[in-house]
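Chemist: Let me see the structure of the following:
(one chain, ligands or ions: 1)
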Amino acid sequence: MTSATVDTRTLVPASTDRITYANNVIDSIALPASGTSVNDPATGEHIGYVPEIDVTGALEAVGVADDAGRAWARTTPRERANVLHAWYDTLVAHTEEIAHLITREMGKPLAEARGEVKYGSDFVRWYAEQAVRPGGDFRDAPDGGANILVRRGPVGLAVLITPWNFPLAMATRKIAPALAAGCPVVIKPANLTPLTTLYVVELARQAGVPEGLIQVITTEKPADFSIAVLRDQRVRKVSFTGSTGVGRQLMAIASDGVLRSSMELGGNAPALVFDDADLERAVDGVFAAKLRNGGQSCIAANRIYVQSGIADDFVDALTERLAALEVGHGLGDSTTLGPLIDHRAATKMAELTRDAISKGAQLRTGGGAFDAPGSFFAPTLLDHVPASADMARSEIFGPIAAVQRFDTEDEAIARANDTEFGLAGYVFTENLDRALNVADRLETGLVGINQGVPSNAAAPFGGIKQSGLGREGSAEGLEEYQNVRFYNIARRPST
Ligand code: NAD
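Modeler: Residues are numbered from 1 along each chain as shown. This next block holds a predicted model:
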């Protein structure tokens, strides 16, 4: 193969039992008989409609959430914790339903969808535990003439906008800390994957989250939504996860009202594999960092830099792992790589591959889309990708491993940092001193050291440079939904 082609392998079909199970879950959500169509990316098949909510409807939802939020802000930390614990238990009890729904609307293999349910639910449990630790502290003025009482309270109504790639986790990572802090929310999921949000918000209601506190807005006109809603005086916070371009637009709108903003934006993660890495560990880590979610992750290893001494062995082993993936419907028995989210994404993979090959990259495996109604692209490895290739400068967001080679540590770090993005980085070496030094020098918000899946509920996830502002998960994630205030209490000099 010399250029982007059609892959002739047979796709793994969906299991009919699992399709029926997923359809039953969709039937259990109260969906309208018409509206915006949601489709299965593996087949293009229509699976449900969601309502198109216009600006008037969105502003009404802001009013409902705002009203519900007044009582919620007055609840005790323990009451909020209890509600979140109940929601967590319900999510865990419905793991299979949620996982099937995620796979049906987003495409990832069922095993990965189950993993997302665990990862996404964990944010709810974490913030149930964190709700009773709202923070605050007590200080002395330097001259001893006052005490400073630092208080943390809810920021107020939060607008949450989420992407399609982790339909559950991106929602719970925002809703749970907002609720824990005492805030009501209006959430707008991505048009491509709104069903999971609708389903888990209904589970939240059943678990005891007060009526009206979480409002879901589905719309095909997100710009109209954000212009109207972010300028509404009742809204006090916006938290967005998505592309850097849309994040910039939202920050511009938010600046009108000096709105508290959290921005979890795009990445272009470098993975550095040094000669002194453990080969198996490095291949496992880079494979996970690249292929998790079919490569459709903001922290996906986008540029894989491998030192020349280990490069041939590493590329051979990673090629073998990619070629062994079974591509097909996420509800198939043996599928390990699902479809891309849509045809636009598959076309982009083909264009990126063509561009890299025309600039000198060598195709080791894959390289083509499948001739199928769904949006499939073969797992692909390109070696010797030049720094000028489009895939080295922008997010690939698909199953293409792009390998570049390097000689020295300084050279690798300079190349890794040569990007406006700064979300994730990865280092593979068995030398602790090198691992920590390289991690310190990488300009990213998080670093995976000898591992490819660095995120969990206890970690303050987020980017630097143009990858964003603010953190999600951990204690820092709660602070994003809190106002810090202080009371200055005058003291008489002690006698
Ligand atoms: P996107 O920016 O196209 O869309 C994200 C969300 O914003 C969707 O709900 C979309 O409908 C909405 N949106 C689009 N235009 C809008 C507007 N003008 N006003 C208001 N909302 C608008 O991104 P996507 O394609 O859904 O997701 C992929 C991107 O998300 C990638 O760049 C990825 O790196 C990023 N991402 C980042 C993180 C992170 O934590 N940093 C996590 C997941 C995904």
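Chemist: what's stretch 320-330 in contact with?
Modeler: 7, 9, 11-14, 42-43, 103-104, 106-110, 112-113, 283, 287, 291, 332, 334-339, 365-366, 370, 374, 376, 378-381, 399, 401 (Cβ atoms under 8 Å, 6 or more residues apart in numbering). For the C-beta atoms, the positions are set from N, CA and C on the backbone; glycine is no exception.
Chemist: tell me which residues of it are tucked away?
Modeler: Going by neighbour count (16 or more other Cβ atoms under 10 Å), the buried part of stretch 320-330 is R321, L322, L325, E326, V327, G328, H329, G330.
Chemist: got it, and stretch 8-19?
Modeler: L11, V12, A14, R18, I19.
Chemist: Is the fourth one in a helix, a strand, or coil?
Modeler: Under DSSP: H, G, I helix; E, B strand; the rest coil, the three-state class of R18 is helix.
Chemist: Touching, it and H100? I think so.
Modeler: Yes. Here R18 reaches H100: they are 6.4 Å apart, a contact under Cβ atoms under 8 Å.
Chemist: anything in contact with each of these two?
Modeler: Contacts common to R18 and H100, judged by Cβ under 8 Å, 6+ apart, are L110, L331.
Chemist: Quick one: name the residues of this protein near the ligand.
Modeler: 161-165, 170, 188, 190-191, 222-223, 225-226, 241-243, 246, 249-250, 264-267, 298, 395, 423, 463, 468 (Cβ under 6 Å from any ligand atom).
Chemist: ok, of those residues, which come out buried?
Modeler: 161-165, 170, 188, 190-191, 222, 225-226, 241-242, 246, 250, 264-267, 298, 395, 423, 463, 468.
Chemist: Which of these fall within strands?
Modeler: I161, K188, T241, E264, G468 (DSSP state E).
Chemist: is it possible to export the residues you listed to CSV including pLDDT?
Modeler: Below are those laid out as CSV (pLDDT from 0 to 100):
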residue, pLDDT
I161, 98
K188, 98
T241, 98
E264, 98
G468, 96
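Chemist: now, which of the residues you listed sits nearest the ligand?
Modeler: Lowest distance from the ligand to those (Cβ to the nearest ligand atom) belongs to E264, with 3.3 Å.
Chemist: Quick check: the gap between the closest one and A475.
Modeler: Distance of E264 to A475, given as Cβ to Cβ, to the nearest Å: 17 Å.
Chemist: which two from the buried residues of stretch 320-330 end up farthest apart in space?
Modeler: R321 and H329 (21.2 Å; Cβ to Cβ).
Chemist: Please name the nearest non-neighbouring residue to the one residue in the chain that gets nearest to the ligand.
Modeler: In the chain, the residue found nearest to the ligand is G242; the distance is 2.7 Å by Cβ to the nearest ligand atom. Nearest residue to G242 in three dimensions, chain neighbours excluded: P163, at 4.7 Å (Cβ to Cβ, 6 or more residues apart in numbering).
Chemist: Same question for H329.
Modeler: A14 (3.8 Å).
Chemist: could you check the distance from the one you found over to A372?
Modeler: 12 Å.
Chemist: same check, this time on C183
Modeler: C183 is 44 Å from A372, by Cβ to Cβ.
Chemist: Could you check which of the two is surrounded by more residues?
Modeler: C183 (24 against 19; other Cβ atoms under 10 Å).
Chemist: Next, the buried residues of stretch 423-442.
Modeler: Going by neighbour count (16+ other Cβ under 10 Å), the buried part of stretch 423-442 is 423-429, 434-435, 438-439, 441-442.
Chemist: now what about that stretch, what contacts it?
Modeler: Defining contact as Cβ under 8 Å, 6+ apart, one finds that stretch 423-442 is touched by 265-274, 276-278, 281-282, 285-286, 289, 298-299, 301, 409, 412-413, 416-417, 444-452, 454, 462-463, 467-468.
Chemist: what lines up beside the lowest-mean-pLDDT helix or strand in the chain in the sheet?
Modeler: One helix or strand of the chain scores below all others by mean pLDDT, DSSP states H and E: strand 5-7, with a mean of 88. Take DSSP bridges as the rule and strand 5-7 pairs in its sheet with strand 368-370 (parallel).
Chemist: Stretch 133-149: which residues count as buried?
Modeler: Those would be P134, for stretch 133-149 by 16+ other Cβ under 10 Å.
Chemist: Now it: average pLDDT?
Modeler: In this model, stretch 133-149 carries a mean pLDDT of 95.
Chemist: Extract the CA atoms of it and return them as PDB.
Modeler: Extracted as PDB, the C-alpha positions of stretch 133-149 are listed here (Å, rounded to 0.1, in the frame of the first residue of the first chain):
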ATOM      1  CA  ARG A 133     -15.400  19.100  52.300                       C
ATOM      2  CA  PRO A 134     -16.300  22.500  50.700                       C
ATOM      3  CA  GLY A 135     -13.000  24.000  52.000                       C
ATOM      4  CA  GLY A 136     -12.500  27.500  53.400                       C
ATOM      5  CA  ASP A 137     -10.000  28.500  56.100                       C
ATOM      6  CA  PHE A 138      -9.200  30.800  58.900                       C
ATOM      7  CA  ARG A 139      -6.100  33.200  58.900                       C
ATOM      8  CA  ASP A 140      -4.500  35.900  61.000                       C
ATOM      9  CA  ALA A 141      -3.900  39.400  59.500                       C
ATOM     10  CA  PRO A 142      -0.100  40.100  59.500                       C
ATOM     11  CA  ASP A 143      -0.400  42.900  62.100                       C
ATOM     12  CA  GLY A 144      -2.600  40.700  64.400                       C
ATOM     13  CA  GLY A 145      -5.400  43.200  64.300                       C
ATOM     14  CA  ALA A 146      -7.900  40.900  62.500                       C
ATOM     15  CA  ASN A 147      -8.900  37.400  61.700                       C
ATOM     16  CA  ILE A 148      -9.700  36.500  58.100                       C
ATOM     17  CA  LEU A 149     -12.500  33.900  57.700                       C
END
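Chemist: care to break this protein down by domain?
Modeler: The record's domain split for the chain, according to automatic domain parsing, is 31-265+468-484, 267-459.
Chemist: Start and end of the first one, how far apart?
Modeler: Translated: domain 31-265+468-484. Taking Cα to Cα, to the nearest Å, the first and last residues of domain 31-265+468-484 lie 40 Å apart.
Chemist: give me every residue that touches P154.
Modeler: Taking Cβ under 8 Å, 6+ apart, one finds G69, A73, A181, G182, C183, Y481, Q482, N483 in contact with P154.
Chemist: Next step: the residues you listed restricted to helices.
Modeler: The helices, defined by DSSP state H, take in G69, A73, A181 from the contacts of P154.
Chemist: Adding neighbour count, write those residues out as CSV.
Modeler: CSV is the format used below for these (neighbours: other Cβ atoms under 10 Å):
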residue, neighbour count
G69, 24
A73, 15
A181, 30
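Chemist: Identify, from the residues you listed, the entry nearest to Y49.
Modeler: G69 (29.2 Å).
Chemist: Quick check: pLDDT value at that closest one.
Modeler: Predicted confidence (pLDDT) for G69: 98.
Chemist: who touches the residue nearest to it when sequence neighbours are not counted in this structure?
Modeler: In this structure, G69 finds its nearest non-sequential neighbour in P184, 3.0 Å apart by Cβ to Cβ, 6+ apart. The neighbourhood of P184, defined by Cβ under 8 Å, 6+ apart, consists of A65, D66, A68, G69, W72, L157, A158, A178, G212, L213, I214, Q215.
Chemist: So which residues make contact with the strand or helix carrying the first one?
Modeler: It refers to A65. Element membership for A65 (DSSP states H and E) is helix 55-73. Helix 55-73 is contacted by residues 53, 80, 153-154, 156-157, 179, 182-186, 210-215, 217, 219, 224-225, 228-229, 232, 234-235 when judged by Cβ under 8 Å, 6+ apart.
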